[in-house]
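Enquirer: Next comes the sequence, and after it the predicted model I'd like to discuss.
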Amino acid sequence: MKTMSCPSCGKRMKRNGTTSAGRQRWRCTACGASTVNRYKRDADAEQLSLFLGWLLSKRTQGEMGLPARTFRAATSRFWKIWPVSPACDEIHHVVHVDGIWIKRRCVVLIALSGDGNVIGWHLARSESSAAWAALMSRIAPPDVVVTDGGGGIEGARRAQWPSTRVQRCTFHAFEQVKRCTTTRPRTQAGVDLYGIAKRLLKVEDADGAAAWLASFAGWCSDYDAFLKERAVVDGAVRFRHERLRKARRGLEKLCREGTLFTYLDADLAKDGEVPATNNAIEGGVNRQIRIVLCFVKQIFRKSSSNSFGSQHERSSDFTKGCGTYPSFLFPSMSESVTRRLSPLNSTSLPWWTILSTSADASLSSANTVPHFPNSMLVVSTIDWRS
């Protein structure tokens with residue numbers, strides 16, 4: 001039943017006849033004030049609720065109480081709302097942060113707690129300090145943050161989480177060296193450095209960390225003259241072994257910052273184990289997103305190869321149309337194809353907790369990065385129900 005509150009005292013009002021124009025008159029039961037204000041219907045809120053009811057359920061568009069075409073016309077604008085993650089005020093011991101690139105100039109920054117739950121995300125154009133700060137500002141500073149050392153993370157951490165310790169993912173540190181030396185180095189210096197970097201993954205205690213630091217310092221001393229050799233390349237004098245120098249600079253920086261062996265700190269270990277790598281987010285969240293994206297791209301390739309000429313194709317699951325589709329993901333597809341494709345009607349969990357953020361969503365953000373189709377991306381886990 002539609003009710004109104006008194007604009008004077010806030011108490012409940014009751015119907016009190018109509019005016020000569022036929023408008024409903026209301027009278028306050030407490031103060032006696034009268035008004036003819038109509039009940040204001042929020043059509044945008046109703047349409048957003050209808051859209052979320054379809055997005056987070058197994059129902060088809062035709063089962064939402066409207067013709068499917070009418071439903072798409074009324075809700076197509078909601079694909080463009082930028083999702084905002086809810087603030088997380090719980091203090092976690094360990095938080096993993098990483099970014100996964102969906103496409104050029106489109107990256108999802110993700111924060112994962114130590115127990116494997118996604119606690120925040122941010123959709124951005126690049127991994128800049130401002131983008132990472134936008135993510136970190138909505139999360140309580142943890143004791144330790146595990147990172148792969150991506151651009152912008154450190155600057156954002158100093159600004160938002162100044163007291164948080166940093167654990168640099170040792171696997172990414174090893175991969176950084178491997179990119180410079182390859183798995184089959186041509187020089188003895190490269191062979192030795194590759195072996196040292198590989199042993200980094202097996203350090204389990206303080207003695208092992210000290211031995212690793214000593215071996216790296218010895219390598220730097222033994223090959224210092226070798227790395228200073230120069231050669232003339234295209235008329236310019238350059239270092240002969242620039243890739244080895246680059247690998248050395250990367251490890252020296254990590255050693256100076258003291259972020260390689262934070263997981264061995266006894267004081268931090270009292271509150272729980274600190275992982276040495278970012279495998280929890282790389283092998284869990286990011287892997288699931290890549291699986292779904294790969295599946296989606298196969299759907300699009302199959303759909304774009306069809307002519308959509310027969311009646312059977314127009315009535316198939318691939319030709320049901322979905323309003324505005326994310327053309328920034330697949331710019332090569334024609335508009336006629338994207339109009340006919342339907343969003344994935346999978347039973348997986350949506351990649352954003354849109355129900356908890358629907359109150360903060362506004363249509364004013366429609367000029368930002370578009371959303372992805374229903375259940376395309378998954379941040380927690382994919383629930384492959386049979």
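Expert: On my side now, so go ahead. Numbering: from 1, shown residues only.
Enquirer: CA atoms for contacts and neighbours, from now on please.
Expert: Will do.
Enquirer: where in this structure is pLDDT low?
Expert: 1-2, 37-41, 302-386 (pLDDT under 70).
Enquirer: swap the cut-off to 50 and go again
Expert: By pLDDT under 50, the weakly predicted segments of the chain are 1, 307-386.
Enquirer: Scan it for its longest strand.
Expert: strand 94-103 (DSSP state E).
Enquirer: Leu244 against Thr182, yeah?
Expert: No - using CA atoms under 8 Å, Leu244 makes no contact with Thr182, being 10.5 Å away.
Enquirer: So which of these two has more stuff around it?
Expert: Leu244 (20 against 14; other CA atoms under 10 Å).
Enquirer: quick one: what helix or strand has that one in it?
Expert: For Leu244, the element it lies in under DSSP states H and E is helix 242-257.
Enquirer: ok, which stretches of the stretch 1-150 of the chain are helices?
Expert: Ranges of helices in the stretch 1-150 of the chain, per DSSP state H, counting those that start in this stretch, are 43-55, 68-75, 129-136.
Enquirer: For the helix or strand harbouring Ala189, name the packing helices and strands.
Expert: Using DSSP H and E, Ala189 sits within helix 188-199. Applying 3 or more CA pairs under 8 Å, 6 or more residues apart in numbering; DSSP states H and E, we find helix 188-199 packed against helix 170-181, helix 206-222.
Enquirer: Measure how buried Arg245 is and give me the count.
Expert: 16.
Enquirer: Distance of it relative to Val177?
Expert: Using CA to CA, to the nearest Å, we find Arg245 at a distance of 10 Å from Val177.
Enquirer: from the helices and strands packed on helix 188-199, which stretch is densest packed?
Expert: Across the helices and strands packed on helix 188-199, averaging neighbours per residue (mean count of other CA atoms under 10 Å) puts helix 170-181 on top, at a mean of 20.
Enquirer: I'd like the distance from it to the chain centre, please.
Expert: 24 Å (CA atoms, centre = their mean, to the nearest Å).
Enquirer: okay, the angle between it and helix 188-199?
Expert: Between helix 170-181 and helix 188-199, the angle comes out at 170 degrees (axes from the mean of the first three to the mean of the last three CA atoms, to 10 degrees).
Enquirer: Using PDB, write out the CA atom coordinates for helix 170-181.
Expert: Taking C-alpha atoms only, helix 170-181 is exported to PDB below (Å, rounded to 0.1, in the frame of the first residue of the first chain):
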ATOM      1  CA  THR A 170      59.400 -14.400  -5.100                       C
ATOM      2  CA  PHE A 171      58.100 -16.200  -8.100                       C
ATOM      3  CA  HIS A 172      57.600 -12.900 -10.000                       C
ATOM      4  CA  ALA A 173      61.100 -11.900  -8.900                       C
ATOM      5  CA  PHE A 174      62.400 -15.100 -10.400                       C
ATOM      6  CA  GLU A 175      60.400 -14.600 -13.600                       C
ATOM      7  CA  GLN A 176      61.900 -11.100 -13.900                       C
ATOM      8  CA  VAL A 177      65.400 -12.600 -13.900                       C
ATOM      9  CA  LYS A 178      64.400 -15.400 -16.300                       C
ATOM     10  CA  ARG A 179      63.100 -12.900 -18.800                       C
ATOM     11  CA  CYS A 180      66.600 -11.400 -18.900                       C
ATOM     12  CA  THR A 181      68.700 -14.600 -18.800                       C
END
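Enquirer: Great, nothing more from me.
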